[in-house]
Structures are given as C-alpha cells and as structure tokens.
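Asker: what's the 3D shape of this:
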Amino acid sequence: MKIIVFGASGGVGQRVVERAAAAGHEVTAFVRNPEKLGPHEGVTVVQGDAFDAEAVASAIEGHDAVVSCLSSSTALKKSDELARMTRNIVEGMQRGGVNRIVYCASAGVDGELPGAIGKTVMWMLRYPLADHAAALGLIAAAGLDATIARPMSLTNDPYADYVETMDGAPEGSKPIPRASVADFMVKALEEPQAYSGTSVGLGLP
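Answerer: Down below sits the predicted model:
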C-alpha cells in the first residue's frame, strides 16, 4: 500500500512511518523540516508545508491512503490550524482520487471523557479539541473513508498492548505510548473491513 503521512516528524508520525515501512508499505513522509525526521530506509521524504494547498495535493497524488498526525503550533490557545491543514488534505485527496484516511485526534474530541475529571480535562483542552472537531467535520462532509484515533494522553514509553473502544473512552484506561497509537493507525489501514468509518478510543488497560 502506498501511504503518505502528514505530521511525519512528530512523535506519533515518526512512529507511523517506522511501523508502516517495517510492514512493507511504500511510505511517503510529508514534513516541513526533513532534519527532524531523520533517515528511514525505504521512506520517501517530501519537504512541504501542510498550509500550502498545492504542495499537499501534489504530494497526495498517486497514493492509496493518507495518515494525518498533524498538530497545532499554538498548544492550548484558540486556533484553526488543524482545520486549515485538514481542508488542504481533504481537497488534495478529492483531487487525487484518494478516499482512505486515518486521522489521529485526541480523547475528548467527542465529549466522551466521563466524570468531573473528564470534564475538567476537556475544558482545559477545549481549543485544540474544537480544532480537531472542525477538522473531522471537514473529513465527514467530504464523505471520505475515515478512521479516527482518539488516544488518551501520550507517552514516549515503548510499545505496550492497548485497549480499543468504539463507544466513548476505554474504561479506566491510562496514558498510551505513541508507539502503540502508531501500531493502531497502521492496523486500521491494513484492516479496513474492521475500522472503516469508525472512531476508536485508545488507552492502556
């Protein structure tokens, strides 16, 4: 499968690139700064800016699927960066005839975190969650074949077995390694019959 990864130099994105390449897929890493990605055998690196619609569309052409691990540069501040970049990806996919996308969002994007602590976390993350939600709205409106990953807070720990749920957040789940999220995202690409059209909460048991 020919896969293009946006946000490929980030914590999850780098691990998606590594995992997908190790599984034998043809991987293109779309990055603003190739030096942050480092060398990966068998990976094509395309330097570009996800805010540049033409560069995004040109990079997507010829691929079978898109992975988005993009993040905003504004941390917890109000922003529409994710929505703007995702609009370019969606339009590039439509232009290139690519229909499959796996998108890394965040736990809380569906308002699913339970209890007082969950409400507090979602309030603290209200701006990035709103930006993710706007991006997901663009994907849905385009009718793309999407899988949405909703991981709990992320760690740099080694891969660990994780739990999935398509209904809310995994009960009692804990922060999840970025390597585990990357594993799920590649699995979702490889098993569309199981994950097409789903939004999946991820965490450690």
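Asker: tally of neighbours for residue 128?
Answerer: 23 (other Cβ atoms under 10 Å). All C-beta spots, glycine's among them, are computed from the backbone N, C-alpha and C.
Asker: Number the chain from 38, please
Answerer: Yep, numbering from 38; the last one is residue 165 now.
Asker: Ignoring the adjacent residues along the chain, who's closest to it?
Answerer: residue 109 (6.0 Å; Cβ to Cβ, 6 or more residues apart in numbering).
Asker: Show me what the residue most central in space within the chain bridges to in the sheet.
Answerer: Nearest to the geometric centre of the chain sits residue 141, at 2.5 Å (Cα atoms, centre = their mean). For residue 141, the beta-bridge partners are residue 186 (DSSP bridges).
Asker: Quick one: residues contacting it.
Answerer: The contact partners of residue 141, by Cβ atoms under 8 Å, 6 or more residues apart in numbering, come to 44, 49, 104, 105, 106, 186, 188, 218, 222.
Asker: other SSEs contacting the helix or strand where residue 170 lies?
Answerer: Using DSSP states H and E, residue 170 sits in helix 163-178. Where contact means 3 or more Cβ pairs under 8 Å, 6 or more residues apart in numbering; DSSP states H and E, helix 163-178 is packed against helix 118-133, strand 137-141, strand 182-188.
Asker: Just give the nearest non-adjacent residue to residue 222, would you?
Answerer: Nearest non-adjacent residue to residue 222 (Cβ to Cβ, 6+ apart): residue 139, at 5.0 Å.
Asker: Just give the number of residues close to residue 152.
Answerer: Residue 152, neighbours per other Cβ under 10 Å, totals 8.
Asker: so how far is residue 226 from it?
Answerer: Residue 152 is 33 Å from residue 226, where distance means Cβ to Cβ, to the nearest Å.
Asker: Check residue 41 too.
Answerer: Taken as Cβ to Cβ, the span from residue 41 to residue 226 is 11 Å.
Asker: quick one, helices of the chain?
Answerer: Listed in chain order, the helices of the chain (DSSP state H) span 48-59, 71-74, 90-97, 118-133, 152-161, 163-178, 215-227, 229-232.
Asker: Can you check what pLDDT the model gives the residue nearest to residue 222?
Answerer: Confidence at residue 139, expressed as pLDDT, is 99.
Asker: so it makes contact with residue 105?
Answerer: Yes - contact criterion Cβ atoms under 8 Å: residue 139 and residue 105 qualify, at 7.4 Å.
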